[in-house]
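K.L.:
quick one, what's the 3D model for this:
(chains A and B)
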Amino acid sequence: MSLMKNLINGTNFDHTSLNALQKVTLRAVVMSFLFFGLVAIEGMIMKLVVTGPSNPLPEMFSHPAHYFSILTVHPIVGIFGSTYQLVFAAFMFLVPFLTKKPLYSVKLANAVWLLITIGTALAWISAFVWQYSPLYTLYWPLPADTTQFNVVGGIVFIVGVALIMLGTLGFIYNIYATIFARVGIHKDKTTKELLISGFGIDGMLNLLHKLSGKQPYSKEPALALPVVAIFRGTVDTFLDAIVILSSGILVLVYLVFDLGGHPLDVAAIDALLYKNYFWWGLDLVADGLVLIYVAGSWYLLASLITGQKLFMENVARAALMLELLVSWMVWSHHLLADQGQPEMMKLISGEMVTAFELLTQGLALFITLVTLWKARPLKMTMELKYLLGGLVGFGLAVPAAIIQADMGMNRVLHNTQWIIMAHVHIALVVGLYMTLYSALYVLWPIVTNGTKMFSSKMSNIHFWMYLIGGIGMGAFAGMAGLDGMLRRHLYVNGEFNTLMILTAICGTMVLIAWFIFLLNIVMSVGIKGLIGIFLPSHDKTASYGIEPETVAENHKVD
Amino acid sequence: MTFASSIELLKFHETAYTIYAFMIISVIAWFGYNLTRKEAKSAVRIPFYTYMAFLVIGGVGHHIFTYNTIPWVSQDITRHDATPDASYEFEIKDHKWIGLPKKITIQCGQTVEFNVKSHDLVYGFGLFRQDGTLVTQMQVNPGSDVNGILDSNDMLWTFNHNGVFNLTSTEYSGPAQYSEDGEDLMLVKNFVEVTGCKDGGVK
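P.N.:
Modelled structure (predicted):
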């Protein structure tokens, strides 16, 4: 088949064979990767600006209002438009797949990706048109500062974020409604049994029974371990959505009153208390749902790739509960440079409880590695490669953050490029996305009804360019952080020129890798197939009946 | 072992983390290679409880280490009971420093208190060496000392090395901090000068 035919028709992809669940999953995946491209381009623009006056970009990108507009929407597009979409798509497919039950509502799943897409687009438009740029931190009272920002731009931005949060609440409802539906294998289960399993209490009781020499509390837990992780992580997703939504409403009230000619007093809200509230919620993304979802994804991928039961499954179940509790108590590590923050909160929440994340994530890493090791020899498939890449990402990123979550280190690292690049970008770009790529390669034949990937060479080039580029980008910019480069500051004179050029080179590798990946996908499904994904499905089935165990057969060495 | 200045700490941190980064990448690469080999045997057996103990010691030990080697940790916790050698109070309003002396000269080893108030937005207070590295910093929240519940934005710092340091805000407070062509309007060059240290180091 010629390249042109491939581009139009794909390999053997037939969108008419897809059911409603498969189509809604693929729609969100497509939107997620388009937003990923946008966020990669934004990142490259900002890195090129800070290389100095000789950068090849038009001058307008170096103007403060323009630069900080990009910096404001960059995390919105990256975290919500891309990451949330991809994770939500994967989980709204996986929960029915693993529980062998239909998704509660495909219509709601369609509303989720549409709301997040429209919300992200509105936030982006507010920055592009009105240059609304209070950054994602929304430190009070900056988002309500109408002397610097256009009121209409602010309202559009807040409405956009609110739509994203409404989409998030839709996802949460869909997931819990599916888990608690008493149909199929859960026909005879009570809500209490499902709750006990969802919170991992059965795993904890199994451990206690084992220690006291009793029979296990539950030989066959009601929910599979990855579903428990999704259940648990979604608690944090809910709390986070409530905090962001309520903060948005607060900003909106101030902006609307300002628009009506009756500005409210911003001093009525204490900036430090607001910071505590906002960071408590926002940190549930970084230190809550991401870590829990990732641990659950590693467990799922390790069991699917090896076809074996997870090593120390009861410990893993109990640890997920611990991780949930830890995630509610660590926000003060963002406030170690705030002198008004009580010292005890800095010590306990900011340092000691935060250090537990080393334990919980280290445990997930250990369990995943041992599960893989026990099943060797394994074929080095794309999904296994990406899974190992994801483990490297978190192996680098988690200690980078623990180091900074310290009152001594924070004094010289707070708000520098260290935390945003050596920790956040490596955790997201390498750790999380590599894990998600692994899940994508595992689920690809299931979601697309056995569509052949156009080129395994392109998959490999994507893997290596993405891995090296992602780590390099985080490492070089992280070093600039050690040299004093701030994360929310504009440098136009090339102050950190050499490290920023190296960062930009690595960032370009990530951008090219994304393009190669996208091309590989388009050549596999074809433009016709891509359009077909967005057409209504003839088969309204909201579940996928394949047994998860069969996926493992593909990874065994003959 | 004590880190007399933040630059020593940053150098130590860079070396230690770089070694760790190469180690973790190598371990996973080695692990991945051996996953595909039938005859591969464990080079090292790591018992579960030893591994967990290692993580606990790493997490807690890190803070014990920094508490005992970084002097500004305990100084910060007990700062309200300490008597500084000098105190400076500044204010910020509309992205401008108010009441800022043209230059502060500090003798080697002196402990100085900085107290900064913001009238409108969240700013930062950061001192930087001429090469751009960070000496010290804190966040400056507006109104933190108004309602009497929370402390003000104050910090102590002991200067143990000679140098001339620039001041700027370390927290984003909107594009008004910059001129149209991107120059930082809150940057105060050569704001602090430390003198009297022998060979540039401790007195």
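
K.L.:
closest to the centroid, which residue in chain B?
P.N.:
Closest to where the C-alpha atoms of chain B average out (CA atoms, centre = their mean) is residue B:136, at 5.0 Å.

K.L.:
so what sits opposite that residue in the bridge?
P.N.:
residue B:127 (DSSP bridges).

K.L.:
and the gap between it and residue A:297?
P.N.:
40 Å (CB to CB, to the nearest Å). Yep, even glycine has a C-beta here, placed from its N, CA and C like the rest.

K.L.:
same check on residue A:191?
P.N.:
Residue A:191 is 26 Å from residue A:297, by CB to CB.

K.L.:
more neighbours, the two?
P.N.:
Between residue A:191 and residue A:297, counted using other CB atoms under 10 Å in any protein chain shown, the more crowded position is residue A:297 (28 against 11).

K.L.:
that one contacts residue A:437, correct?
P.N.:
No - contact status for residue A:297 versus residue A:437: not in contact, 10.9 Å apart, counting by CB atoms under 8 Å.

K.L.:
buried residues in the lengthiest helix in chain B?
P.N.:
Taking DSSP state H as the assignment, the helix of chain B that covers the most residues is helix B:6-35. By neighbour count with 16 or more other CB atoms under 10 Å in any protein chain shown, helix B:6-35 contains the buried residues B:6-10, B:13, B:17, B:21, B:24, B:28, B:31-32, B:34-35.

K.L.:
repeat for stretch A:141-152
P.N.:
Applying 16+ other CB under 10 Å to stretch A:141-152 flags A:141, A:142, A:143, A:144, A:145, A:148, A:149, A:150, A:151 as buried.

K.L.:
filter the residues you listed by proximity to chain B?
P.N.:
A:141, A:142, A:145, A:148, A:149 (CB under 8 Å from any CB of the partner chain).

K.L.:
wait, doesn't the second one sit right on residue B:118?
P.N.:
No - judged on CB under 8 Å, residue A:142 makes no contact with residue B:118 at a distance of 11.5 Å.

K.L.:
after the helix or strand encompassing residue A:443, which helix or strand is next?
P.N.:
Assigned by DSSP states H and E, residue A:443 belongs to helix A:433-447. Sequence-wise, the next helix or strand downstream of helix A:433-447 (DSSP H and E) is helix A:456-482.

K.L.:
hmm, that following helix touching chain B?
P.N.:
Yes - interface with chain B: helix A:456-482 contributes A:471, A:475, A:479, A:482 (CB under 8 Å from any CB).

K.L.:
please name the residues that touch the last one.
P.N.:
Counting by CB atoms under 8 Å, 6 or more residues apart in numbering or on different chains, residue A:482 touches A:413, A:416, A:418, B:10, B:13, B:14, B:133.

K.L.:
domain ranges for chain B, per the record?
P.N.:
B:6-69, B:83-200 (automatic domain parsing).

K.L.:
hey, which of those is tucked in deepest?
P.N.:
Most buried of these by mean neighbour count (mean count of other CB atoms under 10 Å in any protein chain shown) is domain B:83-200; its value is a mean of 18.

K.L.:
what separates that domain from the chain centre, distance-wise?
P.N.:
Relative to its chain's centre, domain B:83-200 lies at 13 Å (CA atoms, centre = their mean, to the nearest Å).

K.L.:
same check on stretch A:304-314?
P.N.:
24 Å.

K.L.:
how long is it end to end?
P.N.:
In stretch A:304-314, first residue to last residue: 18 Å (CA to CA, to the nearest Å).

K.L.:
quick one: name the residues of the stretch 201-350 of chain A near chain B.
P.N.:
A:267, A:270, A:271, A:272, A:275, A:312, A:335, A:337, A:338, A:339, A:340, A:343.

K.L.:
just checking, the fourth one touches residue A:338?
P.N.:
Yes - using CB under 8 Å as the test, residue A:272 is close enough to residue A:338 to be in contact (6.2 Å).

K.L.:
more neighbours: these two, which one.
P.N.:
Per other CB under 10 Å, whichever of residue A:272 and residue A:338 has more neighbours is residue A:338, with 27 against 23.

K.L.:
distance check, the more buried one against residue B:38.
P.N.:
Distance from residue A:338 to residue B:38, by CB to CB: 56 Å.

K.L.:
repeat for residue A:53
P.N.:
Distance, residue A:53 to residue B:38, by CB to CB: 58 Å.

K.L.:
tell me the angle of whichever strand or helix holds residue B:57 relative to helix B:6-35?
P.N.:
Per DSSP H and E, residue B:57 falls inside helix B:48-69. Per axes from the mean of the first three to the mean of the last three CA atoms, to 10 degrees, the angle that helix B:48-69 makes with helix B:6-35 is 170 degrees.

K.L.:
can you say which helix or strand has the closest residue to residue B:55 other than its chain neighbours in it?
P.N.:
Spatially, and ignoring its direct neighbours in sequence, residue B:55 is nearest to residue A:362 (4.5 Å; CB to CB, 6 or more residues apart in numbering or on different chains). Using DSSP H and E, the element containing residue A:362 is helix A:354-374.

K.L.:
other SSEs contacting that helix?
P.N.:
In terms of contacts (3 or more CB pairs under 8 Å, 6 or more residues apart in numbering or on different chains; DSSP states H and E), helix A:354-374 is packed against helix A:290-306, helix A:313-327, helix A:382-404, helix B:6-35, helix B:48-69.

K.L.:
wouldn't residue A:28 be in contact with residue A:88 here?
P.N.:
Yes - Residue A:28 lies in contact with residue A:88 (CB under 8 Å); the separation is 6.4 Å.

K.L.:
list the residues that contact both of these two?
P.N.:
Joint contacts of residue A:28 and residue A:88 (CB under 8 Å, 6+ apart) are A:112, A:113.

K.L.:
other SSEs contacting the lengthiest helix in chain A?
P.N.:
Secondary structure assigned by DSSP H gives helix A:497-533 as the longest helix of chain A. When contacts are defined as 3+ CB pairs under 8 Å, 6+ apart, helix A:497-533 packs onto helix A:3-9, helix A:20-49, helix A:456-482.

K.L.:
could you give the mean pLDDT of the last one?
P.N.:
When pLDDT is averaged along helix A:456-482, the result is 97.

K.L.:
before we move on, back to that, would CSV of the domains of chain B with mean pLDDT be doable?
P.N.:
Shown next, in CSV, are the domains of chain B (pLDDT from 0 to 100):
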stretch, mean pLDDT
domain B:6-69, 90
domain B:83-200, 92
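
K.L.:
as TSV, those domains with distance to residue A:32 would be great.
P.N.:
Formatted as TSV, the domains of chain B follow (distance: least, CB to CB, whole Å):
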stretch	distance to residue A:32
domain B:6-69	26
domain B:83-200	28
